[in-house]
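1. Kindly return the folded structure for what I paste below:
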Amino acid sequence: MHDSKPSQKPPTSPPSACFAALPRQRGISLLESMVAIVVMAIGILGILGVQLRTLADTQTSVRRAQAIRLIEDLGERMKINPNAHANINNYVSGWRTDEPPTAQAAKLCDSDNCSHTELAAYDLSEWRRAVERALPLGNANVFLAQGETVDANRRQLGVMLSWRENERNTSAAYQGGIDATKVLGIDGGGTTTCPADRTCHLQYLAIPARCTPYSADSTVKHFCPGS
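-> Okay, the predicted model is just below:
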């Protein structure tokens, strides 16, 4: 019989020696997470910037639609006045330089009888008050269109409304992109321009008249519809 010796296991390295042989990578996962957070934050800020710009453009469109509606309201008021053409100069009004609101007219034509001149003054004051209520820092300039030099031949009023689109942004680069009156204010033959740091809308209104005067050969004649 052979003597059997117990089998010997090969020597094994301690666990600490195995881990020591691996390359050490400390803090890599944390750094990658921080980079991912920064990239995501930049993306969120970009999306937020686009949303804010879209909101600003939407507000610009809303303000301009309000300006168009207000100018049309003035045109409707002039249509109600039976003699608006003869009182065309009573609708002319420059930019307000004092603080709003505009004072009411001396005579309230919604409750009292008014002449054509008084009705024009009342409509203009009420309309300007509506502009100040509807638009932020709203202001208005109503002027005679300069296409005709003879008073009897004037048929149009120019109306320019101005407002502050963005209270925090007064840079020329921002205002220049939304100013629609740079050329139109001169094309009409007038000198009315949009105030600095304001957004403006310009529109022309035809003056209604039951009998329209016109000047020919230094003689003022009248044309009445149906005559």
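2. ok, and for stretch 153-164, which residues are buried?
-> For stretch 153-164, burial by neighbour count (16 or more other CB atoms under 10 Å) applies to 154-164. For every residue, glycine as well, the C-beta is placed using N, CA and C.
3. In the chain, spot the helix with the most residues.
-> Assignment by DSSP state H gives helix 28-80 as the longest helix of the chain.
4. Tell me which other helices or strands that one touches.
-> Packed against helix 28-80 by the contact rule (3 or more CB pairs under 8 Å, 6 or more residues apart in numbering; DSSP states H and E) you find helix 116-134, strand 156-163, strand 199-206.
5. what about it, average pLDDT?
-> Mean pLDDT, helix 28-80: 85.
6. what inclination does it have with respect to helix 116-134?
-> Per axes from the mean of the first three to the mean of the last three CA atoms, to 10 degrees, the angle that helix 28-80 makes with helix 116-134 is 170 degrees.
7. Can we start the residue count at 11 from this point?
-> Shifting the count to begin at 11 puts that one at helix 38-90.
8. hmm, back to that, any chance of JSON lines for the buried residues of stretch 163-174, columns pLDDT?
-> JSON lines is the format used below for these (pLDDT from 0 to 100):
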{"residue": "164", "pLDDT": "77"}
{"residue": "165", "pLDDT": "80"}
{"residue": "166", "pLDDT": "85"}
{"residue": "167", "pLDDT": "89"}
{"residue": "168", "pLDDT": "90"}
{"residue": "169", "pLDDT": "93"}
{"residue": "170", "pLDDT": "93"}
{"residue": "171", "pLDDT": "94"}
{"residue": "172", "pLDDT": "92"}
{"residue": "173", "pLDDT": "90"}
{"residue": "174", "pLDDT": "86"}
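9. which one of these is nearest residue 218?
-> residue 165 (9.9 Å; CB to CB).
10. surely the closest one meets residue 215?
-> No - with contact defined as CB atoms under 8 Å, residue 165 does not reach residue 215; the gap is 9.7 Å.
11. And for residue 100, the neighbour number?
-> 17 (other CB atoms under 10 Å).
12. That one and residue 93, how far apart?
-> To residue 93, residue 100 is 10 Å away according to CB to CB, to the nearest Å.
13. Check residue 210 too.
-> Residue 210 is 30 Å from residue 93, by CB to CB.
14. so who does residue 94 touch?
-> Listed by CB atoms under 8 Å, 6 or more residues apart in numbering, the contact partners of residue 94 are 88, 101, 126, 130, 217-219.
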